[in-house]
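Q: what shape does this take:
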Amino acid sequence: MLEDRYGLPLSTPSQAARDAYASGVDSVISGVAGYREYLAAALKADPAFALAQIALARGMFLDADVLPARGLATKARQMVASATLREQSHVNVVALGVEGKSVQAMQAMHEHLKTWPRDAMVLAPATSVFGLYGFSGEPDHEEQLYQLLASLAPAYGSDWWFNTVYGFAACETGRLDEAWTLIERAFAANPRHAHAAHFRAHVMYERGESAAIVDFLEGWMPQHDKRSLTHCHLSWHVALAALAVGRLERAWDAYRTSVCPGGAWGPPINVVTDSASFLWRAELAGHSRDATAWRVVHDHALRCFPTAGLGYADVHALIACIVEEDHEALQLRVEEIRDKLAVNQYPASDVVIGIAEGFAAYAAEEWDRAIRALELALPETARIGGSRAQRDLVELTLVAAYIKDGRPDSARALIDRRPVRRAAVGVAGYH
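A: Okay, the predicted model is just below:
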């Protein structure tokens, strides 16, 4: 039988289908545009190739083409009935994730990996900060993911994709030297790997190397297809790093051309959250509010996420409502979250409401109330998902509240408690 890049047998008899499938999988797991064309070619060469079908579903799901992706997943389930047990299990795990059945997908993934640890497309949905662990609501999900990947490392050897996600897991658990070694190794093996470039920027962020981030990404991104899943978020990193080193014009250029609604192509979760995050952090750094930009982000957030569901998206939608003083939408979303919490259907927990209360108090210049709310929320913030760099929005707002309340010592003490981190503190008045 033909095999995939990881040495796993494939039911297709077509070499052309196998080769296009391998390229399509690499496109999906590397965050680089092209998977649609590759997987369409695989299915043209072998219309019964179920793994190509489910890989296409996974890629489209990541692009937020959710309904078409679920239709493809349903078809893949039908197509795989006569394939091997491994391929049947593979399709089931990936389809469960596409269908939004995260708990079942996690359970099925762990069971699958006991027998086929090198099945990268099965493992991949667990490795993103927006993935099975990231949105599990578990406060220690980052350490859980790191330990899983550490247990699988011997099976993957020097594989560039695995070293990238393993390195990022190390980064998010404070193992920065290990993270750098793994990610540099992966980046050298595949210099066009967008997630390797992305996670390299994360390690640099944690080290406080903002100027180096701008230089690195400005050198790397011109060859990165703007249709790629990662382009918007990498541009957020450019904007954030430029903001940190005082290159305000460059920061706003990156935001307006490649991050904000209408300027970026990207999944709504990236466009909404990165836009709200940048605008709020620009204000924390002491820059004037761009009311027009906020209005656009608010409208886009409510259009893309009209109801509560994902804690990480909800936090940023709530922030946009706070800035726009859209009290009706704010209260409606909070009530929706409470309803979901009441029936145990909101993994991010009530910390989302606590964060919103802190940001609302900050916006109202009620510094003491903001401090009390954010101090309570901060230890649980990991539950909303996202990376440490993204969740710094909460910590930096607390720092700013301390400064506004005349408590610089408290601000410094908070930052001094960061383990091994040297990330920039972009807050006006912080020294």
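
Q: helices along the stretch 151-300 of the chain, start to end?
A: 160-172, 176-189, 194-206, 210-220, 231-244, 248-258, 268-284, 291-304 (DSSP state H, counting those that start in this stretch).

Q: just give me the neighbour total for the closest residue to residue 392 other than its chain neighbours.
A: With CB to CB, 6 or more residues apart in numbering as the criterion, residue 392 has its nearest non-adjacent residue at 6.4 Å, and that residue is residue 423. C-betas here are computed from N, CA, C, even on glycine. Residue 423 has 21 neighbouring residues, counting by other CB atoms under 10 Å.

Q: thought residue 423 was touching residue 390?
A: No: if you go by CB atoms under 8 Å, residue 423 and residue 390 don't touch, sitting 11.4 Å apart.

Q: state the mean pLDDT of stretch 202-209.
A: Mean pLDDT, computed over stretch 202-209, is 96.

Q: in a markdown table: the helices of the stretch 151-300 of the chain, plus distance to residue 32.
A: A markdown table is the format used below for the helices of the stretch 151-300 of the chain (distance: least, CB to CB, whole Å):
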| stretch | distance to residue 32 |
| --- | --- |
| helix 160-172 | 12 |
| helix 176-189 | 13 |
| helix 194-206 | 5 |
| helix 210-220 | 12 |
| helix 231-244 | 10 |
| helix 248-258 | 16 |
| helix 268-284 | 15 |
| helix 291-304 | 24 |
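
Q: and of those helices, who's closest to residue 3?
A: Nearest to residue 3 among the helices of the stretch 151-300 of the chain is helix 160-172 (16.3 Å), distances taken as CB to CB.

Q: just checking, what packs against the closest one?
A: helix 15-30, helix 141-156, helix 176-189, helix 194-206 (3 or more CB pairs under 8 Å, 6 or more residues apart in numbering; DSSP states H and E).

Q: rerun at 6 Å
A: Counting contacts by 3 or more CB pairs under 6 Å, 6 or more residues apart in numbering; DSSP states H and E, helix 160-172 is packed against helix 141-156, helix 176-189, helix 194-206.

Q: so which other helices or strands are in contact with the first one?
A: Judged by 3+ CB pairs under 6 Å, 6+ apart, helix 141-156 is in contact with helix 160-172.

Q: any residues touching the helix it packs on, and which ones?
A: The contact list for helix 160-172, computed with CB atoms under 6 Å, 6 or more residues apart in numbering, reads 29, 127, 142, 145-146, 149, 156, 178-179, 182-183, 185-186, 189-190, 195-196, 199, 202-203, 388.

Q: what of stretch 40-47?
A: 12, 14, 16-17, 20-21, 49, 52.

Q: do stretch 213-223 as well
A: Contacts of stretch 213-223 (CB under 6 Å, 6+ apart): 197, 201, 204, 238, 241-242.

Q: how about 7 Å then?
A: 197, 201, 204-205, 234, 237-238, 241-242, 245, 247 (CB atoms under 7 Å, 6 or more residues apart in numbering).

Q: now residue 333, nearest residue through space, not along the chain?
A: residue 308 (5.1 Å).

Q: who's in contact with residue 280?
A: Contacts of residue 280 by CB under 7 Å, 6+ apart are 319, 393.

Q: out of the contacts of helix 160-172, which are buried?
A: 29, 127, 142, 145-146, 149, 156, 178-179, 182-183, 185-186, 190, 195-196, 199, 202-203, 388 (16 or more other CB atoms under 10 Å).

Q: could the helices and strands packed on helix 160-172 go into CSV alongside distance to residue 374?
A: Formatted as CSV, the helices and strands packed on helix 160-172 follow (distance: least, CB to CB, whole Å):
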stretch, distance to residue 374
helix 141-156, 21
helix 176-189, 26
helix 194-206, 21
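
Q: wait, which of these is closest to residue 331?
A: With respect to residue 331, and counting by CB to CB, the nearest of the helices and strands packed on helix 160-172 is helix 141-156 at 29.4 Å.

Q: ok, residues contacting that closest one?
A: 113, 117-118, 126-127, 133-134, 138, 162, 165-166, 169-170, 172-173, 382.

Q: among those residues, which two are most distant?
A: 118 and 382 (29.1 Å).

Q: of the two, who's got more company?
A: residue 382 (21 against 18).

Q: which SSE is residue 377 in?
A: helix 367-377 (DSSP states H and E).

Q: relative to residue 30, how far out is residue 55?
A: 13 Å (CB to CB, to the nearest Å).

Q: look at these two and report which has more neighbours.
A: Neighbour comparison, residue 55 and residue 30: the larger count goes to residue 55, with 28 against 23 (by other CB under 10 Å).

Q: where's that one, which helix or strand?
A: Assigned by DSSP H and E, residue 55 falls in helix 50-62.

Q: what residues of that helix count as buried?
A: For helix 50-62, by 16+ other CB under 10 Å, it's 50-62.

Q: can you list these in JSON lines and add pLDDT and distance to residue 76?
A: Below are the buried residues of helix 50-62 laid out as JSON lines (pLDDT from 0 to 100; distance: CB to CB, whole Å):
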{"residue": "50", "pLDDT": "98", "distance to residue 76": "5"}
{"residue": "51", "pLDDT": "98", "distance to residue 76": "8"}
{"residue": "52", "pLDDT": "98", "distance to residue 76": "9"}
{"residue": "53", "pLDDT": "98", "distance to residue 76": "4"}
{"residue": "54", "pLDDT": "98", "distance to residue 76": "4"}
{"residue": "55", "pLDDT": "98", "distance to residue 76": "9"}
{"residue": "56", "pLDDT": "98", "distance to residue 76": "8"}
{"residue": "57", "pLDDT": "98", "distance to residue 76": "6"}
{"residue": "58", "pLDDT": "98", "distance to residue 76": "10"}
{"residue": "59", "pLDDT": "97", "distance to residue 76": "12"}
{"residue": "60", "pLDDT": "97", "distance to residue 76": "12"}
{"residue": "61", "pLDDT": "96", "distance to residue 76": "12"}
{"residue": "62", "pLDDT": "94", "distance to residue 76": "16"}
